[in-house]
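Trainee: Below is the sequence, then the predicted model.
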Amino acid sequence: MNAQEVLNELKRRFPNEPEYLQAVTEVLESIEEVYNQYPEFEKLNLVERLCIPDRIFSFRVTWVDDRGNVRTNMGYRIQHSNAIGPYKGGIRFHASVNPSILKFLAFEQTFKNALTTLPMGGAKGGSDFSPRGKSNAEVMRFCQAFVLELWKHIGPDTDVPAGDIGVGGREIAYMFGMYKKLSKEFTGTFTGKGLEFGGSLIRPEATGYGNIYFLLEMLKTKNIDIKGKVCTVSGSGNVAQYTVEKLIELGAKVVTLSDSNGYIYDPDGIDSEKLEYVKELKEMYRGRIREYAEKYNCKYVEGARPWGEKCDIALPSATQNEIGEDDAKTLVANGCIAVSEGANMPSTPAAIEVFQNAKILYAPGKAANAGGVATSGLEMTQNSVRMSWSREEVDAKLKDIMQSIHAQCVKYGAEPDGYINYVKGANIAGFMKVAKTVIVQGIL
């Protein structure tokens with residue numbers, strides 16, 4: 001395989017999908033050397049079979065708002081690969097959603113899920129509908145209309161959606177309720193459900209907690225203690241909140257949070273009481289993070305991200321491509337020793353190059369934020385056997401999975417000078433598992 005030739009062909013076929021092409025580029029450049037050690041991969045055109053999704057569903061979603069107006073959005077489901085298990089991946093409701101973003105997310109999800117050691121394939125879905133500013137009744141009607149189009153293509157052994165940006169417990173409950181009515185069955189078709197109807201303990205916390213468990217493993221390789229370290233976190237939703245919660249528990253100092261309008265900088269640190277305010281602000285009142293700055297009299301920067309603030313550890317937990325090359329240079333210049341991604345592909349290729357050239361600890365999202373989907377997999381298991389595990393049991397399994405992912409990254413990513421290239425390690429580990437499985441199952 002010549003990675004550049006493959007990428008040129010994909011660019012020709014999918015010229016208007018920059019996010020998808022960015023994700024594919026990162027993986028192909030990482031695996032090229034290993035791929036070419038297996039002649040059977042090239043003979044069976046494996047690279048193209050793993051880059052292009054199994055199928056893509058797109059559909060119109062028509063719903064009625066509170067004023068009686070008929071509204072229309074687009075809905076999508078990208079089923080990328082079910083080589084190692086049922087399709088598995090979140091649903092995103094955000095105005096930015098388009099096929100390119102969902103194809104990148106589904107592609108990443110395939111290899112992320114392979115890293116978890118659990119039998120899950122990769123998928124992603126969503127809509128350009130935004131829940132922001134909508135009433136509960138409007139969100140419910142949209143979710144029901146969305147599932148009305150999607151339900152025949154999902155199921156506990158076929159495709160198991162979960163939440164993502166714009167899709168939390170409220171939206172999952174509405175979608176699950178509609179699915180249950182249409183399918184006339186109660187199965188674990190969605191994950192991220194409420195505890196009352198099949199959800200798992202630790203699931204809301206899992207992505208944030210898992211990111212910190214992975215970060216701790218990275219820090220151990222340098223004999224660094226997280227206690228007292230100054231951390232910048234972006235975002236203020238589910239992932240960011242539980243990232244901060246675990247950091248507080250471990251004695252680190254978190255000084256930033258953000259949303260799409262700007263970021264806050266609290267030099268005194270975000271403590272447990274302040275974090276509870278953020279949870280209430282975001283989950284109950286759907287408020288903006290500037291209200292935190294008004295309440296606690298700290299700095300708020302409109303229209304910016306927090307990467308200019310001095311920190312020891314950066315944890316991007318908002319969205320894709322939120323750290324650019326200049327941001328990365330600033331982080332390194334300010335003494336940042338580690339970046340661990342809670343979001344999906346939040347660092348641009350140029351930013352990643354800056355981190356790796358500086359030899360700081362850098363964990364890509366497909367490894368560091370895999371705790372969310374790992375715990376979704378544990379929820380699927382609990383649903384299948386009709387039982388619930390305790391908080392301690394789920395948390396212990398989550399820690400084991402994140403430690404296993406770290407070990408796989410070290411195995412495939414250790415370089416001659418001792419530096420661990422976690423991007424290379426994660427990509428090769430995930431790819432090899434999926435690739436070998438595809439080969440033994442034949443040409444399909």
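Mentor: Received, thanks.

Trainee: CA only for contacts and neighbour counts going forward, please
Mentor: Will do.

Trainee: any idea how far Q320 is from A368?
Mentor: Relative to A368, Q320 is positioned 14 Å away (CA to CA, to the nearest Å).

Trainee: cool, K43 as well?
Mentor: Computed as CA to CA, the K43 to A368 distance reads 33 Å.

Trainee: Looking at the two, which has the bigger crowd around it?
Mentor: Here K43 and A368 are set side by side on neighbour count (other CA atoms under 10 Å), and the busier one is A368, at 31 against 9.

Trainee: does the spatially closest residue to the more buried one that is not a sequence neighbour sit in a helix or strand, and which one?
Mentor: The shortest distance from A368 to any non-neighbouring residue, by CA to CA, 6 or more residues apart in numbering, is to N211 (4.8 Å). Assigned by DSSP states H and E, N211 belongs to helix 206-220.

Trainee: Distance from the chain centre to that helix, please.
Mentor: 14 Å (CA atoms, centre = their mean, to the nearest Å).

Trainee: quick one: contacts for I56?
Mentor: Contacts for I56 (CA atoms under 8 Å, 6 or more residues apart in numbering) come out as Y76, R77, I78, Q79.

Trainee: Select only the buried ones of the residues you listed in PyMOL?
Mentor: Remark: buried members of these, expressed as a PyMOL selection using 16 or more other CA atoms under 10 Å:
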select buried, resi 76+77+78+79
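
Trainee: between the contacts of I56, which is nearest A351?
Mentor: Top of the list for closeness to A351, among the contacts of I56 and by CA to CA, is I78 at 27.6 Å.

Trainee: Name the strands paired with the helix or strand that that closest one is a member of and say parallel or antiparallel.
Mentor: I78 belongs to strand 70-81 when assigned by DSSP H and E. Sheet pairing for strand 70-81, assigned by DSSP bridges, gives strand 55-64 (antiparallel), strand 122-127 (antiparallel).

Trainee: Can you tell me which of the ones you listed is packed in deepest?
Mentor: With neighbours defined as mean count of other CA atoms under 10 Å, the strands paired with strand 70-81 peak in mean count at strand 122-127, which reaches a mean of 30.

Trainee: Helices along the stretch 301-444 of the chain, start to end?
Mentor: Secondary structure of the stretch 301-444 of the chain by DSSP state H, counting those that start in this stretch: the helices cover 325-333, 349-357, 365-368, 371-385, 391-413, 422-441.

Trainee: my bad, should have said the stretch 151-300 of the chain
Mentor: Assigned by DSSP H, counting those that start in this stretch, the helices in the stretch 151-300 of the chain fall at 169-183, 206-220, 238-249, 272-283, 290-296.

Trainee: and G335, which of these is closest to it?
Mentor: helix 206-220 (15.1 Å).

Trainee: Show me what the closest one is packed up against.
Mentor: In terms of contacts (3 or more CA pairs under 8 Å, 6 or more residues apart in numbering; DSSP states H and E), helix 206-220 is packed against helix 238-249, strand 361-363, helix 365-368, helix 371-385, helix 391-413.

Trainee: any chance of the ones you listed in JSON lines, with distance to E341 and mean pLDDT too?
Mentor: Output for the helices and strands packed on helix 206-220, formatted as JSON lines (distance: least, CA to CA, whole Å; pLDDT from 0 to 100):
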{"stretch": "helix 238-249", "distance to E341": "10", "mean pLDDT": "97"}
{"stretch": "strand 361-363", "distance to E341": "6", "mean pLDDT": "98"}
{"stretch": "helix 365-368", "distance to E341": "5", "mean pLDDT": "96"}
{"stretch": "helix 371-385", "distance to E341": "12", "mean pLDDT": "96"}
{"stretch": "helix 391-413", "distance to E341": "13", "mean pLDDT": "97"}
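
Trainee: Save these as TSV, and put in distance to F186 too.
Mentor: As requested, those are arranged in TSV below (distance: least, CA to CA, whole Å):
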stretch	distance to F186
helix 238-249	26
strand 361-363	38
helix 365-368	31
helix 371-385	10
helix 391-413	23
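
Trainee: and the ones you listed, which is most packed in?
Mentor: In terms of average neighbour count - mean count of other CA under 10 Å - the standout among the helices and strands packed on helix 206-220 is helix 365-368, at a mean of 29.

Trainee: Give me the residues contacting that helix.
Mentor: 108-109, 111-112, 115, 210-212, 214-215, 340-346, 402, 405-406, 426.

Trainee: quick one on the thing from earlier: got the angle between the next helix or strand after the strand holding I78 and helix 371-385?
Mentor: For strand 70-81, the succeeding helix or strand toward the C-terminus, using DSSP H and E, is strand 87-93. Orientation of strand 87-93 against helix 371-385 (axes from the mean of the first three to the mean of the last three CA atoms, to 10 degrees) gives an angle of 120 degrees.

Trainee: Just the CA atoms of whichever helix or strand comes after strand 87-93, as PDB, please.
Mentor: Using DSSP H and E, the helix or strand that follows strand 87-93 towards the C-terminus is helix 99-115. This file holds the C-alpha atoms of helix 99-115, laid out as PDB (Å, rounded to 0.1, in the frame of the first residue of the first chain):
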ATOM      1  CA  PRO A  99     -22.000  13.300   6.100                       C
ATOM      2  CA  SER A 100     -18.300  14.100   6.300                       C
ATOM      3  CA  ILE A 101     -18.400  14.600  10.100                       C
ATOM      4  CA  LEU A 102     -20.400  11.500  10.700                       C
ATOM      5  CA  LYS A 103     -18.200   9.400   8.300                       C
ATOM      6  CA  PHE A 104     -15.100  10.500  10.200                       C
ATOM      7  CA  LEU A 105     -16.700   9.700  13.600                       C
ATOM      8  CA  ALA A 106     -17.900   6.200  12.400                       C
ATOM      9  CA  PHE A 107     -14.400   5.500  11.000                       C
ATOM     10  CA  GLU A 108     -12.800   6.500  14.200                       C
ATOM     11  CA  GLN A 109     -15.400   4.600  16.200                       C
ATOM     12  CA  THR A 110     -14.600   1.300  14.400                       C
ATOM     13  CA  PHE A 111     -11.000   1.300  15.600                       C
ATOM     14  CA  LYS A 112     -11.800   2.800  19.000                       C
ATOM     15  CA  ASN A 113     -14.300   0.000  19.700                       C
ATOM     16  CA  ALA A 114     -11.700  -2.500  18.600                       C
ATOM     17  CA  LEU A 115      -9.300  -1.200  21.300                       C
END
